[in-house]
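**Student:** Below are the sequence and a predicted model; questions follow.
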Amino acid sequence: QPLPLSCDGGLHRLRFALLVGLGVLWVSRSGRWGGRLLRLFIALFVAALAAAVTAVVLAFSWFNVSFGDGVGDRVYAPSTATAIAPSYKLGVGSLRIDLSSIQPAAKELRVKAKVGVGELRVVVPDGVPVQVDAHAKLGDVHVLRLTDSGRNATVKTGTGGGYVIDARVGLGKVDIVRAG
């Protein structure tokens, strides 16, 4: 009968326990166990450190995190349509874009925003048409009264005119809300 190992890391724990057991056997079979024990602990520490760094790099790569996009909390509140940036980016943190004071003219106003890990919140004026394409690789998406959550959460809504918002989050939350 196979071992009852779940997919939540049971096999990895078994491998780790076997490696530690082999290391203890290797150390106990020699007369100079002090030097071997030190080398074993150094090797285990280096392996654990390499595994942790690899996991962080892979996670940041998958969630499209770029520290060049910044870290922290950012708030943008452009006062005119021409003051709206072509795109807003943040690596890690909270990004808030308040568009509530801008009433779009006859043409569409496009807003593109991306956060690697964290929260993205866009506030739009009440009564203005909004077309939204919002996506979170892992997290929650709330667009006006529509919601999706989990892996690859997506909400698309609205028609042309007013604001056209493209909102992306790697890990975290997207909120598109009306002012007020």
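**Tutor:** Thanks, I have it.
**Student:** Assess the claim that residue 141 and residue 134 are in contact.
**Tutor:** Yes: taking Cβ atoms under 8 Å as the definition, residue 141 is a contact partner of residue 134 at 4.8 Å. The way it works is simple: take the backbone N, C-alpha and C, and place the C-beta from them, glycine included.
**Student:** Find the residues that touch each one of these two.
**Tutor:** Shared contacts of residue 141 and residue 134 (Cβ atoms under 8 Å, 6 or more residues apart in numbering): 154, 155, 174.
**Student:** quick one, what contacts the first one?
**Tutor:** Meaning residue 154. Contacts were defined as Cβ under 8 Å, 6+ apart; by that measure residue 154 touches 133, 134, 135, 136, 141, 148.
**Student:** what ranges do the strands span in this structure?
**Tutor:** For the chain, applying DSSP state E gives strands covering 71-76, 88-98, 109-124, 130-143, 146-157, 163-178.
**Student:** What does the pLDDT read for residue 133?
**Tutor:** We have a pLDDT of 94 for residue 133.
**Student:** Quick check: beta-bridge partners of residue 151?
**Tutor:** Partner residues in beta bridges with residue 151, using DSSP bridges, are residue 138.
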